[in-house]
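*Asks:* What shape does this take:
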Amino acid sequence: MPAAVVNFAPERGSVELRDVGPPEIGPLDVLLEVANVGVCGSDLHQWTGDHSWPVNYPVVLGHEFGGRIVEVGRDVVGWHPGDRVVSETAAVIDPDSPLSRRGLYNLDPSRKGFGYGVNGAMTRFVRVPSRILHRVPEGLPFEQACLTEPCCVAYSAVVKNARIEPGDRVVVLGPGTIGILCAALARLCGAEVAVVGLPADAGRLDVARRYGCEVITGDAAAWARARDGLGCEGVIDAAGVSATLKLAIDLVRPAGWISKVGWGRQPLGFSLDPLVQKNVTLQGSFSHNWPIWERVLALLASGALDVRPIIGGVWPLEKWHDAFEQMHSGRVVKSVLAPA
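*Replies:* Model (predicted):
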């Protein structure tokens, strides 16, 4: 039977390789043979037991994936065995909810995603609803295509949930996968970008430099206020702690904006009065939907958005622990697994 990386309990370290049978597909599903699956920060948080979302244990991890269709359900239209595809993450939604009817199924409260709500793709075969499939353009390797999902998270935070104009100064807090991809997309939008991290993030910050960004490991105020002393036009908070929101409010100029995409379960211990006084827009950003995926795949296929600098290596599934450790330690930005 195929092996899978399974998160079996909420306690720290409750992840192991287990044998699992191939899933049964429904009439509107496809069975996908996984070529590559990216390791997400959320996978690491479930591994370390410090996540802030409900998990249906035991569950196969992995929601950044691509591969080939090997079987289609009897009512599936437009997809065939052999098709090269990637999948969105909204594995379960209520199609009749008001949000789903607006195309915002990513915000449907009943939504369940791969890797926490239903079994994910850190295994050889995964069941995928055909409604969330996208074709992988020829010439785009799976080890890059599997990272469409984090690129879509960044696109949503930077393009859809911010208001960048060419020439803006934008600070990105957190040099993880999402932070660096947000910085890359902000650069594509014409902004000057600084990525803020810690001295321990030196390797990740070097990757940010490859996208044409300034990097800062100390106080970012001087860079943010260099033009006129008022602060930067926008801040993208992609850090995994709550306290960075205070820094974002300090750095942004009056009438500026903050796009918050990073999760942090810690309570806030400061006043939000400066947010009010500065007339700042604070925008949360979660997930993505169909048109974002199509746009990001076009950017990846054209080379306008290049994910190769963030890929730190490709590991076989049985080496999942090494891949997790490399990413968790900060030695690489993104680990990719090859289940097949």
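*Asks:* okay, how far is it across stretch 48-62, tip to tip?
*Replies:* Distance between the boundary residues of stretch 48-62 (C-alpha to C-alpha, to the nearest Å) amounts to 15 Å.
*Asks:* For that stretch, buried residues please.
*Replies:* His51, Val55, Pro58, Val59, Val60, Leu61, Gly62 (16 or more other C-beta atoms under 10 Å). C-beta: built from backbone N, CA, C; applies to glycine.
*Asks:* nearest spatial neighbour of the third one, skipping sequence neighbours?
*Replies:* Nearest residue to Pro58 in three dimensions, chain neighbours excluded: Phe8, at 4.0 Å (C-beta to C-beta, 6 or more residues apart in numbering).
*Asks:* Can you give me the distance of the one you found to Ala121?
*Replies:* Phe8 sits at a distance of 17 Å from Ala121 (criterion: C-beta to C-beta, to the nearest Å).
*Asks:* Tell me which of the two has more neighbours.
*Replies:* Ala121 (31 against 13; other C-beta atoms under 10 Å).
*Asks:* how about the helices in the stretch 51-200 of the chain?
*Replies:* 98-101, 142-145, 148-155, 177-188 (DSSP state H, counting those that start in this stretch).
*Asks:* now these in TSV, with distance to Pro339?
*Replies:* Output for the helices of the stretch 51-200 of the chain, formatted as TSV (distance: least, C-beta to C-beta, whole Å):
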stretch	distance to Pro339
helix 98-101	30
helix 142-145	11
helix 148-155	16
helix 177-188	20
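*Asks:* Make TSV from these and add mean neighbour count to it.
*Replies:* TSV is the format used below for the helices of the stretch 51-200 of the chain (neighbours: other C-beta atoms under 10 Å):
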stretch	mean neighbour count
helix 98-101	14
helix 142-145	23
helix 148-155	27
helix 177-188	27
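*Asks:* Dump the ones you listed into a markdown table; add distance to Ser130 and mean pLDDT as well.
*Replies:* Below are the helices of the stretch 51-200 of the chain laid out as a markdown table (distance: least, C-beta to C-beta, whole Å; pLDDT from 0 to 100):
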| stretch | distance to Ser130 | mean pLDDT |
| --- | --- | --- |
| helix 98-101 | 16 | 98 |
| helix 142-145 | 18 | 98 |
| helix 148-155 | 17 | 98 |
| helix 177-188 | 27 | 98 |
